[in-house]
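Chemist: Just a sequence and a predicted model for now, questions to come.
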Amino acid sequence: MLLDSSVYKQKYIEDCEVCCNPIEVNFEFEEGELFYFEANSIEQ
């Protein structure tokens, strides 16, 4: 999974590369470094 560090804070839904189920991705960068990361399954 690639994260765009040019955006300070992001939250989006992406399909899992293995099982194709949706995952909610939430992350924050602080001073160019990954500060917070969370990924939660959204099983359907």
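Modeler: Alright, I've got the coordinates. Please read these numbers as outputs of a predicted model, since none were measured by experiment.
Chemist: can we go C-alpha only for contacts and neighbour counts from here?
Modeler: Noted.
Chemist: Just to check, residue 42 is in contact with residue 25?
Modeler: No: with contact defined as CA atoms under 8 Å, residue 42 does not reach residue 25; the gap is 10.3 Å.
Chemist: quick one, which of those two is more surrounded?
Modeler: residue 25 (16 against 12; other CA atoms under 10 Å).
Chemist: Now do the contacts for the closest residue to that one other than its chain neighbours.
Modeler: Excluding its sequence neighbours, the residue lying closest to residue 25 (CA to CA, 6 or more residues apart in numbering) is residue 39, at 4.5 Å. Shown in contact with residue 39 (CA atoms under 8 Å, 6 or more residues apart in numbering): 23, 24, 25, 26.
Chemist: If we use 10 Å, what do you get?
Modeler: 11, 12, 13, 14, 23, 24, 25, 26, 27 (CA atoms under 10 Å, 6 or more residues apart in numbering).
Chemist: nearest to residue 3, of the residues you listed?
Modeler: residue 27 (8.4 Å; CA to CA).
Chemist: What sits closest to that closest one if chain neighbours are left out?
Modeler: residue 37 (4.3 Å).
Chemist: how many other residues sit next to the one you found?
Modeler: As a burial measure, residue 37 scores 12 neighbours (other CA under 10 Å).
Chemist: Residue 28 too?
Modeler: Counted with other CA under 10 Å, the neighbours of residue 28 add up to 19.
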